[in-house]
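**Q** Here is a sequence together with a model predicted from it:
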Amino acid sequence: MTTRSYNFLHWRDLLIELVSRDLKIRYQRSAIGLGWSLMKPLSQLLIFATVFTSVIPLEIPNYTTFVFAGVLSWAWFSSSLTSSALSVTGNREMVRRPGFPVHLLPMLTIISNGVHFMLALPLLLICSWIQVGPPGISMLALPAVILVQFLLTLAFATLIAAIHVYFRDIEHLVGIAVMLGFYITPVFYRPLQADHDFAFLTLWNPMAWVLEGYRAIFLDHVWPDPLNYLRILALAVPVLLFAAWFFNRVSARFVDEL
């Protein structure tokens, strides 16, 4: 076995152990445990479905499935970014251990929040089945959509985690950015038309492209537009490469800053 293969297997096992530990700590002494991970998206779904179908109708067909796909995807993205700010500073003991792979910490937050996302996906599938019908062959594209969102999130999370060690206000700035991002991303409303004055909020929003993919699969039962995912990769890959380089460059001084 090569050194690279050994490192990969070691990091994989370490990630699994850390994710398990994180979830156990988070839901320790909780009556329903991981069930709480479904409460927030389900409560948001209930609010949006009630308000925008009965109080202020948006006239969007199969709105429950439409908004559920948006809420789940955005929840994974936003919770991962807000958690990533503390992924290094909140794990001082591990960072100070000689030889600990610090670069895994931002990934840990994304995978931990991704567990909640994966637990809710069957509910989205059931909702889609009831409103639209049984899933089609386009469901085979779901892993690719999830992977692309993971890479996009990891790119920003790695950068945020490294910067926060030196600039502690980044946690609050990310919180504000995530809040604003929720409203300029078509989570609970249709993507803006090209002739709209603020169409750029949809046309140049990578999370809007991600949502289109989930909705194509669960709502329209068609293959996601591959052009959107080439755009996401064209953004995510360079940012991720830069973030990894920057993280590795400054990580040697993390212990001094903590």
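**A** In hand now; what should we look at?
**Q** From here on, just use CA atoms for contacts and neighbour counts.
**A** Will do.
**Q** Could you list the low-pLDDT ranges of the stretch 1-150 of the chain?
**A** For the stretch 1-150 of the chain, residues meeting the criterion pLDDT under 70 lie at 1-11, 22-37.
**Q** Do you have the helices of it handy? List them.
**A** Per DSSP state H, counting those that start in this stretch, the stretch 1-150 of the chain carries helices over the ranges 3-26, 36-50, 63-84, 92-95, 104-131, 142-166.
**Q** Quick check: buried residues in the fifth one?
**A** I take that to be helix 104-131. 104-114, 116-117, 120, 124-128, 131 (16 or more other C-alpha atoms under 10 Å).
**Q** between that helix and helix 142-166, how big is the angle?
**A** 140 degrees (axes from the mean of the first three to the mean of the last three C-alpha atoms, to 10 degrees).
**Q** now for helix 104-131, which elements pack on it?
**A** Packed against helix 104-131 by the contact rule (3 or more C-alpha pairs under 8 Å, 6 or more residues apart in numbering; DSSP states H and E) you find helix 3-26, helix 36-50, helix 63-84, helix 142-166.
**Q** from the chain's centre, how far out does it sit?
**A** Distance of helix 104-131 from the chain centroid (C-alpha atoms, centre = their mean, to the nearest Å) equals 9 Å.
**Q** Just tell me which of the helices of the stretch 1-150 of the chain ends up closest to Tyr189.
**A** With C-alpha to C-alpha as the criterion, Tyr189 lies closest to helix 63-84 of those, at 7.8 Å.
**Q** Out of the helices of the stretch 1-150 of the chain, indicate the one that is most buried.
**A** helix 63-84 (a mean of 24; mean count of other C-alpha atoms under 10 Å).
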